[in-house]
Every structure is written in C-alpha cells, then in structure tokens.
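Peer 1: Sharing a model that was predicted from the sequence below.
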Amino acid sequence: MLFVNGNPYGSIDPHNVISIEMNANFFFDRAVRALDRYQYDRALKYFRKAVEYEPGNPVNHANMAGILSETGDYKASNEVLMHILEQVDPLMTECYFYMANNYANMEQFEKAEEALVTYLEEDPNGQFLDEAEEMMELLHYELNRPAKLNRIKSREGVVEHENARALLEEGKFGQAVKLLEEIVHNHPDFLAARNNLALAYYYMGRFDTAKRTIGEVLDQEPGNLHGLCNLAIFFQHEGDQAARDRLMDMLKVTVPFHLEHVFKLATTMGILGQHGIAYSHFKRLLKYEEFSSDPSLYHYTAVAACNSGYYDIAEKYWRHALKLDGDTVIPDFYLAQLAKRKEAGMNQMKVSYHYHLPFEEQFKRWEHDGTKLTEEAKQNPLIRSSFFWALRHGDPQTKLQVIRTLELIADEEVQHALQSFLQEPGENDELKDAARLVLQQMEAASNRLQERRDERDSNAGLGREVLPDWLPSWKAVLEKAEQVMDMRVDAYWKKELENLWSDFLSKLYPDIPNIRNAEGWAAALEYLTAKKRGRDLTYEQVAVRYGISSSTVSRYARQIDSVCEIKVQQDDNFRPFTENI
C-alpha cells in the first residue's frame, strides 16, 4: 500500500494531494539531473519523454542525439540528427557537423566527408570552423585525397576574426576592438565577432558599450549561449540581481552539446557563484583527452570544488595542476592557503577562478621583479584588464600604484589607456601628472628602440646576430626539433629549420612572445620546413611525432607564417595559412 504523509493513500482527501505537471520542462529537468550523475540511460529516457511533449523543439532532439553519441550509439544519434533536419528545423545546420563526427567515429569516412562539406557550405555562422579544419585533415589522410569543397558560407571575415581573437588573448584590447569593429561592420551577422567585441569593450572598462553589443547579438539569436553567459556576467557587474537571477535560472538547466560551450558555461557559472554546477561541468571536461593535460582546467575544477566546500577534492586537483605546470607558483600558492585554513580551523575559503595569483599577491611579487610582471601581463589578458579596470574605477592610491606599474609594461595598449585617462575631466591632477610622466618615459624609450631598429636594418642579413643572447626557451625549441627529427632528415633540412626560427625571432624582436610550449613551436617549424620543400606532411602526422594535438601545430604554424610569409612549393596537400578551411 502507498502512503502519503504517513497515511494510507485510500484515506487521503484528494483535495490535499499536490499534482505534478508532466510537461517537457519536467522531463528536461530530470534528464539534466541524470546527466549530472552520469546516468546516460536514464537521461536518454527523460529526453525522449521531453521530445514526446514538445516534438517541435529541436534542442530536446539534439540533446538526445548528443547522449546517444556519448554512449557510442552513433547510428541512432545520426538518425535523430537527420530527423531534426528533415522534420523539425532544417536551419539547424550544425547537425551536419555532429553527423560528420559520428560517421568518423564509425570509420565511415566518405559519409563523414559528405556531412562535413554540407556543414561548411550551408552553415551561416561557422561555429565549428576550427574543429571542421581538424576533421578535414583527418579525412584527407584517411581518404588520401582533398575534400570536394566548393565554398564555405561563413568564411568571410574568419581569418580577421582569428587575428582579433589572438589580440584578445594577448591582452591587446584596443587593437582587437579596431579589428572587430571593422569585421562587424562588414559582416553584421558574424555573431562570434560581435560577442568578442563585447568582451573587448568589457575588458577596457566600457561596460555600457559592451552590454549594448551583447544586446545586438541576442537580437539576432536569442539563444546564443556565449551572449547569454556574457550578459549574465554584465548584469552581475551592474548589481542587477533580479535580471541576473532570471538569466542564471535558465543557464543552470542548460546542457551544452559542444565542449567549447561546456567550458563557457562552466566558467560563467563559477563567476555567478554557482560553484556546484560549475564543478560538474569542469569535471565533465576533464574526461576528454584534449582537456586532460591542461593545468588551468584542473585549477578551475579545484576552485569550483573549494568554493563548494570540498577542500580535499580541491587539494587533489591543485596537486594535479602542479604536476602538469611545475614552473608556475599558482597551484603551490593555493595549496599553501588550504594548509593555512586547516591549521587555523577556518570553515570557508573563497577563491577566484582566474589562473593567476590574487591581485594583491601579484603586486607584492612584481615590486621585486618588474620583468616578471611584463611577461605575465603579455601572457594573461585578465591581468592587463584588471589594471585598466583599476585605472578607471579604483581609489586614488590604487590608481597611482597602477600607473607606476603600467610603466613596467609600456606597450601600445598602456599608451592608449593612459592617454584616455588624461582625457577624463574628473581625475586628480596629481594622478594625471604621474600618467604624463610615464607617457614621456615611454616616448623616450620608443625613440631609443627605433634608433636600434634603424641600426639593425642597416646591417646586412637578418640572422641570429641581430638578436641578443638567445634565451634558454628559444634554444629549447631547436633542441626539441632536432631531437625528434634526428636521423630522418639531412643537415641542410635542419639548417633550414634553424634559419626559419631565427628569422621569426628576429622579425618580432623585441616583441617576442613568451616561448613556453617547445613541442608546439618545434612541430610547427618542422611542418613549415617540410612545406617549403614541397613534402607531403599533415598537421596530424607531425602532431603524433611531438605528442601534441594537430590544432596546436596549426596554431603555432599560423603564427610563424603570419610573420615570415613563407613561400612554399605548392602541391595539392597544402593550403595557404591565411585561409581557415
């Protein structure tokens, strides 16, 4: 016999029984909970019920296809995806990309190529262009021929957008804004560029403009996940708790299909204080090989666990981050903070998700080592944006400290920020004098640098001799390449590779990026040297030799080619680096 509130069901007044409304949302929520527990069979059952209640909603169909794919039932997943395209929403062109993945996993490469080409030729947004590039190379290798591709619908503006993304990652927000504004003007429906433009505005402290730009994204595509996540963060910045909570409630029950969206949602949930949800998304990402060696992801997972009160779990993830990234002090710092918390018997410890030390701790270290500040500011745009934020919104003492610190970075972005600061009508005169002094010193240093460049250009040749003593990290790249290439190539090949590396460093000097991933740079050099000689070599092949991903080889090769403008012996296997599929 069933019991309700301790009484036999038959003796309960039916007016006191609370009915459960069985609708698509009810089963969607159940499916999400099952996914959080990795109960895929149960999640699939609930998504099927959600589809029964809302057969015209393509999202529920796509979620069902995603679960089928994760459980290895690629054929059934493709049947669902084809049903979406034929019966539910023919404009959901990303389904072709998902189908291509499924066919590739089934080793049906001809069908995978057909689906991938359809995606590239029909999809207007190009959401998965980077992933499509990697898959196209795999199919080229498996089928031993190039794909029969006539056009890429979303191609226009993609190369410029990649350059703008690189500028954002380097913290060059002003330059990124100029380029992104041009892209958006020429391609109004390029939503990824508009999203990144909003972020660039946000990093520069132009919050109203950032919010308006996100509004333009959501006007065109109300369900754009990146736009919704950014808007929720903007609402939190403004202190509009009601608007933030409405948006957050929707994001909390969202289960993204693509891993990039999972990462975006995880970081957003962390920033919004939903640490438990962030933790479940980060854990999901760590199951995938392409993320399992990323120390920053282990840091994010540790932070989510720590902020949820799971301190032992957080310690485990920080120790793993330390193994992967022993050169940084970040995991050690937070492990020490955890140890202090345990000794003092503290019950709470809240940590920022940013993969760098707290702002105050960084200032202490930078006071003793300005060179380290410059290196870290170049690597991490969040550090730079924190300076620009403080320059606009900090108290006078903080602003003065930031102005003095910016003198150590002294690049074009800093110059732009200080010039904008001087134009602010309400700023303190003493602070403006300090900013003018820094700008004057930067101008003097720039003049000296130009004199050095003029002297260098007057010298014959552009070999190693124009560079200062090589840093160990620069040498490590050549050592890694020579170690991997070993007896496979002749001395002339190795010399050509060495000349290419020297040419790249010379042309960038003194603005050479921090060289940390020796394997990635070495693999790119071997790939480009092979192409210069007209050899048939793919990203995938060289990636295997160096134990990295093909996308890593592609990224570094593009950077070198953008500086050196490599001339190659063209063959059917080579694509110019300035094109993105």
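Peer 2: That came through, no problem. Numbering: from 1, shown residues only.
Peer 1: C-alpha from now on. contacts and neighbour counts both.
Peer 2: Will do.
Peer 1: How about residues contacting the helix or strand that E216 is a member of?
Peer 2: Assigned by DSSP states H and E, E216 belongs to helix 207-220. Residues outside helix 207-220 that contact it (CA atoms under 8 Å, 6 or more residues apart in numbering): 189, 191, 194-195, 197-202, 224, 227-228, 230-231, 234.
Peer 1: do that again at 10 Å, thanks
Peer 2: 188-204, 221-231, 233-235, 237-238 (CA atoms under 10 Å, 6 or more residues apart in numbering).
Peer 1: Can you say which of these are buried?
Peer 2: If you count burial by 16 or more other CA atoms under 10 Å, the buried members of those come out as 189-204, 224-231, 233-235.
Peer 1: For stretch 317-335, what does the pLDDT average out to?
Peer 2: On average, the pLDDT along stretch 317-335 is 81.
Peer 1: what comes up buried for it?
Peer 2: So for stretch 317-335, counting by 16+ other CA under 10 Å, buried means 317-322, 324-325, 330-331, 333-335.
Peer 1: same check, this time on stretch 396-409
Peer 2: In stretch 396-409, counting by 16+ other CA under 10 Å, buried: K399, L400, V402, I403, T405, L406, E407, L408, I409.
Peer 1: wait, doesn't Y141 sit right on E113?
Peer 2: No: at 11.7 Å, Y141 does not count as touching E113 under the criterion of CA atoms under 10 Å.
Peer 1: Between the two, which contacts overlap?
Peer 2: Applying CA under 10 Å, 6+ apart, one finds that Y141 and E113 are jointly contacted by M135.
Peer 1: Of the two, which one has the most company?
Peer 2: Between Y141 and E113, counted using other CA atoms under 10 Å, E113 has the larger neighbour count: 27 against 16.
Peer 1: Restrict the helix or strand containing the more buried one to CA atoms and write it as PDB.
Peer 2: Element membership of E113, judged by DSSP H and E, is helix 109-122. Provided in PDB are the C-alpha atoms of helix 109-122 (Å, rounded to 0.1, in the frame of the first residue of the first chain):
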ATOM      1  CA  PHE A 109      34.900   8.500 -43.800                       C
ATOM      2  CA  GLU A 110      33.100   9.000 -47.200                       C
ATOM      3  CA  LYS A 111      29.800   9.800 -45.400                       C
ATOM      4  CA  ALA A 112      31.700  11.900 -42.800                       C
ATOM      5  CA  GLU A 113      33.200  14.000 -45.600                       C
ATOM      6  CA  GLU A 114      29.800  14.500 -47.200                       C
ATOM      7  CA  ALA A 115      28.300  15.700 -44.000                       C
ATOM      8  CA  LEU A 116      31.200  17.900 -43.200                       C
ATOM      9  CA  VAL A 117      31.200  19.500 -46.700                       C
ATOM     10  CA  THR A 118      27.500  20.200 -46.300                       C
ATOM     11  CA  TYR A 119      28.000  21.800 -43.000                       C
ATOM     12  CA  LEU A 120      30.700  24.100 -44.400                       C
ATOM     13  CA  GLU A 121      28.700  25.000 -47.400                       C
ATOM     14  CA  GLU A 122      25.400  25.600 -45.700                       C
END
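Peer 1: Can you list which of the buried residues of stretch 317-335 are found in helices?
Peer 2: Using DSSP state H, the subset of those located in helices is Y317, W318, R319, H320, A321, L322, L324, I330, P331, F333, Y334, L335.
Peer 1: Would you reformat those residues as TSV and include distance to K264?
Peer 2: As requested, these are exported to TSV (distance: CA to CA, whole Å):
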residue	distance to K264
Y317	20
W318	21
R319	24
H320	22
A321	20
L322	24
L324	22
I330	22
P331	22
F333	25
Y334	23
L335	26
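Peer 1: Out of the residues you listed, which comes closest to S502?
Peer 2: L324 (28.9 Å; CA to CA).
Peer 1: Identify the spatial nearest neighbour of the closest one, chain neighbours not counted.
Peer 2: P295 (5.7 Å; CA to CA, 6 or more residues apart in numbering).
Peer 1: do H299 as well
Peer 2: Nearest to H299 is W318, by CA to CA, 6+ apart, at 5.9 Å.
Peer 1: one step back: work out the gap between the helix holding E113 and the centre of the chain.
Peer 2: Helix 109-122 sits 25 Å away from the centroid of its parent chain (CA atoms, centre = their mean, to the nearest Å).
Peer 1: Please identify the buried residues of the strand or helix carrying C95?
Peer 2: Taking DSSP H and E as the definition, C95 sits inside helix 94-105. By neighbour count on 16+ other CA under 10 Å, the buried set for helix 94-105 is E94, C95, Y96, F97, Y98, M99, A100, N101, N102, Y103, A104.
Peer 1: Over to stretch 165-181?
Peer 2: Within stretch 165-181, judged by 16+ other CA under 10 Å, the buried ones are 165, 167-177, 179-180.
Peer 1: Among those, which are located in helices?
Peer 2: R165, L167, L168, E169, F173, G174, Q175, A176, V177, L179, L180.
Peer 1: now the buried residues of stretch 317-335 as JSON lines including distance to L265?
Peer 2: Listed next are these as JSON lines, based on distance: CA to CA, whole Å:
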{"residue": "Y317", "distance to L265": "20"}
{"residue": "W318", "distance to L265": "21"}
{"residue": "R319", "distance to L265": "25"}
{"residue": "H320", "distance to L265": "23"}
{"residue": "A321", "distance to L265": "21"}
{"residue": "L322", "distance to L265": "25"}
{"residue": "L324", "distance to L265": "24"}
{"residue": "D325", "distance to L265": "25"}
{"residue": "I330", "distance to L265": "23"}
{"residue": "P331", "distance to L265": "23"}
{"residue": "F333", "distance to L265": "26"}
{"residue": "Y334", "distance to L265": "24"}
{"residue": "L335", "distance to L265": "26"}
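Peer 1: Of these, which is the nearest to L285?
Peer 2: Y317 (13.5 Å).
Peer 1: That closest one contacts P331, doesn't it?
Peer 2: Yes: using CA under 10 Å, Y317 is in contact with P331, at 9.1 Å.
Peer 1: can you list residues touching both of these two?
Peer 2: P295, Y298, H299, A302, K323.
Peer 1: wait, what's in contact with P425?
Peer 2: With contacts defined as CA under 10 Å, 6+ apart, P425 is in contact with no residue.
Peer 1: how about the CA coordinates for the very next helix or strand once past the helix holding E113, as PDB?
Peer 2: Using DSSP H and E, the helix or strand that directly follows helix 109-122 along the chain is helix 129-143. This file holds the C-alpha atoms of helix 129-143, laid out as PDB (Å, rounded to 0.1, in the frame of the first residue of the first chain):
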ATOM      1  CA  LEU A 129      35.200  26.100 -38.300                       C
ATOM      2  CA  ASP A 130      38.300  25.200 -36.200                       C
ATOM      3  CA  GLU A 131      37.000  21.700 -35.400                       C
ATOM      4  CA  ALA A 132      36.000  21.300 -39.100                       C
ATOM      5  CA  GLU A 133      39.600  22.100 -40.100                       C
ATOM      6  CA  GLU A 134      41.000  19.400 -38.000                       C
ATOM      7  CA  MET A 135      38.400  16.900 -39.200                       C
ATOM      8  CA  MET A 136      39.100  17.800 -42.800                       C
ATOM      9  CA  GLU A 137      42.700  17.000 -42.300                       C
ATOM     10  CA  LEU A 138      41.800  13.600 -40.800                       C
ATOM     11  CA  LEU A 139      39.600  12.800 -43.700                       C
ATOM     12  CA  HIS A 140      42.200  13.900 -46.200                       C
ATOM     13  CA  TYR A 141      44.600  11.500 -44.500                       C
ATOM     14  CA  GLU A 142      42.100   8.600 -44.400                       C
ATOM     15  CA  LEU A 143      40.800   9.100 -47.900                       C
END
